[in-house]
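>>> Sharing a model prediction with you, sequence too.
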Amino acid sequence: QVQLVESGGGLVQPGGSLRLSCAASGTIFSINAMGWYRQAPGKQRELVATITSGISSNYADSVKGRFTISRDNAKNTVYLQMNSLKPEDTAVYYCNAFIRSSLMRLTFEDYWGQGTQVTVSS
């Protein structure tokens with residue numbers, strides 16, 4: 001069984017910073033892409049940033065230059081450093097990963113974390 005557990009959310013003032021972490025645990029053979037998505041109240045879930053196993057990254061236009069995604073493959077962990085936070089960044093942030101759980105499984109499956117709340121407010 002594979003689990004993704006996020007941490008690092010909270011309340012921060014506009015202009016502040018937060019760092020989110022997401023650790024994958026359980027039976028893991030290989031992890032392909034990992035990423036962060038967010039969902040604000042009344043809105044659809046949207047992509048924030050993704051990073052491949054080869055460390056190639058992709059960002060939503062709304063966070064480019066402010067957010068940085070990174071990963072530690074040895075720890076099966078992905079991070080999201082969020083700087084210059086704005087009230088419109090307020091949302092539940094979800095971790096996502098494509099994981100191959102064993103050598104016998106030939107495909108990568110899509111896993112999601114439970115979400116962590118980020119609130120940007122003065």
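Sure thing, it's come through.
>>> So Glu88 belongs to a helix, correct?
Yes. With DSSP: H, G, I helix; E, B strand; the rest coil as the criterion, Glu88 is assigned to a helix.
>>> gap between it and Ser70?
23 Å (Cβ to Cβ, to the nearest Å). C-beta coordinates here come from the backbone N, C-alpha and C atoms, glycine included.
>>> Compare the two and say which is more crowded by neighbours.
For the pair Glu88 and Ser70, the greater number of neighbours falls to Ser70 (15 against 10), based on other Cβ atoms under 10 Å.
>>> Run through the residues that contact the residue nearest to that one when sequence neighbours are not counted.
Computed as Cβ to Cβ, 6 or more residues apart in numbering, the closest residue to Ser70 that is not its neighbour in sequence is Tyr79, at 4.9 Å. Tyr79 makes contact with Arg19, Leu20, Ser21, Cys22, Ile69, Ser70, Arg71, Asp72 under the criterion Cβ atoms under 8 Å, 6 or more residues apart in numbering.
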